[in-house]
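Asker: heads up, no residue letters with this:
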């Protein structure tokens, strides 16, 4: 197994009395794409949000266990959440650019982290847009509102926005579920490209998508991580009967 | 069967006409008020009336001091109430834990807007005029009016803030922004149109308030324009009240009261129109 960027150990997660994640253990390899699959409500999105502590925002939620990031537990007292989220970026299910210009959307992250120099800013914005395979489509409308872009473009803009703060890990929560097949294909190509520089964790409803883009796959069911393995192993010869049932569409 | 069907159709028709009639009556009442005020008041309106000082115990001359006085009072009230209300709303929507306490505060704010405005006037008299010793002045009147519009501004700001999609907040936080950075750079800019509209509607409301300024700011007749925030002022709504209720020569003063009413009405309508246009303009801008 390759070097681990993150490692989750004995993770429990509760919404008030409801236990949404039960003793989850999962390694996340550097520069690999890890897909998380499972039926709705199985805890995969909840799990994704424990990785950059977005679940902190939910009142009444509680975490037990360790999420190691470069060997350090991100739930330790001395961890700065703001700094953590800078290093672990996130792309959401719905494309959600800010009601600002294309440029300002991408520049948002660097700006709040204190970057004022316009030349550097422009460099980062263009670099991030190129990194998200969007630059050629928007280079003449950087000052137009981001809300005028198509859904697929908006989602790639959100990826560019996440890239602009130079994260090490990119979490994607069903990033293509609101997009048409063409836009989805573009996002998937992009994910393949991005893993050269980033460690990617992607939640997806589509098993074909998991099979296409990921190196490793974890299958969640009712808060349990049923099985985690190399993607080809999961899809061709899973160990657990429940995984096989889900993959072959017998439930879910 | 046949009978039941026609009966149902008849009921439908009846309800349709009944509701339509109710709607028409409401519009008609508004129309009649405007028509009536204009008919009685438009005769005294002239450029002179707007820009000259009153003369002979408010039986002749213009209402410039009242126009200016209302302007000062409303500006002062907005300057005080806007930051107070907006920041309170930010606390309530963004920072406070959802629970009993915040519900009680919210009910309190709603109740504040239900307090009769004359009570605010009394409060202003005892606190600002007497206790803080600001006297009957622009300052006392503005502060009292600020309290009157505070609930309106808080409610409007709260609604504007709550209408900002939560996704904006999460994506900003996910980029490593702090809560305050998120509010300052994403949430507030997105809710400014709603907040502004609320403030302008507040201006429209407070420009016409009479009771809160009777004891705190207004004077019936003034030969001079106010010199400082500690001067007492004439104001449009109070001018109407004073001319009709306490005037000494009604045949001369009542027409002036109607003229003043026209000016006030036009001002308030204008202010509300501005609010409507701003809302349309910003909602178009956000949609593009």
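Answerer: Everything's here; your move. Everything numeric in this text was worked out from a predicted model, so none of it was measured.

Asker: for the chain, which spans come out with low pLDDT?
Answerer: Using chain A here. Chain A contains residues with pLDDT under 70 at A:1, A:251-252.

Asker: I was after chain B.
Answerer: B:1-2, B:283-288.

Asker: quick check, residue B:90 in a helix?
Answerer: Yes - assessed with DSSP: H, G, I helix; E, B strand; the rest coil, residue B:90 lies in a helix.

Asker: And for it, the neighbour number?
Answerer: Residue neighbour count, defined by other Cβ atoms under 10 Å in any protein chain shown, stands at 20 for residue B:90. Where you see a C-beta, it was placed from the backbone N, CA and C, and this is true even at glycine.

Asker: what does the stretch 151-288 of chain B put close to chain A?
Answerer: For the stretch 151-288 of chain B, the contact set with chain A under Cβ under 8 Å from any Cβ of the partner chain comprises B:165, B:167-168, B:170-178, B:181, B:185-186, B:189-190, B:286-288.

Asker: filter those to the buried ones?
Answerer: B:167-168, B:170-177, B:181, B:185-186, B:190 (16 or more other Cβ atoms under 10 Å in any protein chain shown).

Asker: Let me know the closest of those residues to residue A:181.
Answerer: Residue A:181 has its nearest neighbour among those in residue B:167, at 23.7 Å by Cβ to Cβ.

Asker: Okay, and the residue of chain B found nearest chain A sits in which element?
Answerer: Proximity of chain B to chain A (Cβ to the nearest Cβ) peaks at residue B:176, 3.4 Å away. Using DSSP states H and E, no element contains residue B:176; it sits outside every helix and strand.

Asker: correct me, but it touches residue A:109?
Answerer: Yes - using Cβ atoms under 8 Å, residue B:176 is in contact with residue A:109, at 6.8 Å.

Asker: Common neighbours of the two, please.
Answerer: Applying Cβ atoms under 8 Å, 6 or more residues apart in numbering or on different chains, one finds that residue B:176 and residue A:109 are jointly contacted by A:86, A:165.

Asker: Once you drop chain neighbours, what's closest to the residue of chain A found nearest chain B?
Answerer: Closest contact between chain A and chain B, by Cβ to the nearest Cβ, is at residue A:86 (3.4 Å). Leaving aside its chain neighbours, residue A:86 sits nearest to residue B:176 (3.4 Å; criterion: Cβ to Cβ, 6 or more residues apart in numbering or on different chains).

Asker: How much space separates that neighbour from residue A:150?
Answerer: 27 Å (Cβ to Cβ, to the nearest Å).

Asker: now residue A:183
Answerer: Here the criterion is Cβ to Cβ. By it, residue A:183 lies 7 Å from residue A:150.

Asker: Could you measure from residue A:57 over to residue B:179?
Answerer: Residue A:57 is 10 Å from residue B:179, by Cβ to Cβ.

Asker: same question, residue A:47
Answerer: 24 Å.

Asker: Ok, residue A:22 next?
Answerer: In terms of Cβ to Cβ, residue A:22 sits 31 Å off from residue B:179.

Asker: what's the answer for residue B:125, then?
Answerer: Where residue B:179 is concerned, residue B:125 sits at a distance of 41 Å (Cβ to Cβ).

Asker: neighbour count winner among the two?
Answerer: The neighbour comparison of residue B:125 against residue B:179 (other Cβ under 10 Å) goes to residue B:125, with 18 against 15.

Asker: Spit out the contact partners of residue 223.
Answerer: This is for chain A. By Cβ under 8 Å, 6+ apart, the neighbours of residue A:223 are A:13, A:19, A:20, A:21, A:22, A:42, A:43.

Asker: other chain: chain B
Answerer: B:53, B:54.

Asker: The same query, at a cut-off of 7 Å, please.
Answerer: residue B:53 (Cβ atoms under 7 Å, 6 or more residues apart in numbering or on different chains).

Asker: before we move on, what about residue A:178?
Answerer: A:93, A:94, A:95, A:151.

Asker: On the three-state scheme, the second one is what?
Answerer: State at residue A:94, reduced to three classes by three-state DSSP: coil.

Asker: Which of the three states applies to the residue nearest to it when sequence neighbours are not counted?
Answerer: The shortest distance from residue A:94 to any non-neighbouring residue, by Cβ to Cβ, 6+ apart, is to residue A:178 (5.6 Å). Secondary structure assignment for residue A:178 (three-state DSSP): coil.

Asker: residue nearest the centroid of the chain?
Answerer: Chain wasn't specified; assuming chain A. Most central in chain A under Cα atoms, centre = their mean is residue A:171, positioned 1.6 Å from the mean C-alpha point.

Asker: my question was about chain B
Answerer: By Cα atoms, centre = their mean, the most central residue of chain B is residue B:205, 2.0 Å off.

Asker: Just the strands from the stretch 51-200 of chain A, written as ranges.
Answerer: Using DSSP state E, counting those that start in this stretch, the strands found in the stretch 51-200 of chain A span residues A:61-69, A:72-73, A:88-91, A:169-173, A:199-203.

Asker: quick one: contacts of the longest one?
Answerer: In this structure, residues lying in contact with strand A:61-69 by Cβ under 7 Å, 6+ apart are A:6-15, A:50-51, A:55, A:73-75.

Asker: Would you map the helices across the stretch 1-150 of chain A?
Answerer: A:44-50, A:81-87, A:102-112, A:118-131, A:135-138 (DSSP state H, counting those that start in this stretch).

Asker: got JSON lines for these, with mean neighbour count too?
Answerer: Below are those laid out as JSON lines (neighbours: other Cβ atoms under 10 Å in any protein chain shown):
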{"stretch": "helix A:44-50", "mean neighbour count": "23"}
{"stretch": "helix A:81-87", "mean neighbour count": "17"}
{"stretch": "helix A:102-112", "mean neighbour count": "24"}
{"stretch": "helix A:118-131", "mean neighbour count": "17"}
{"stretch": "helix A:135-138", "mean neighbour count": "16"}
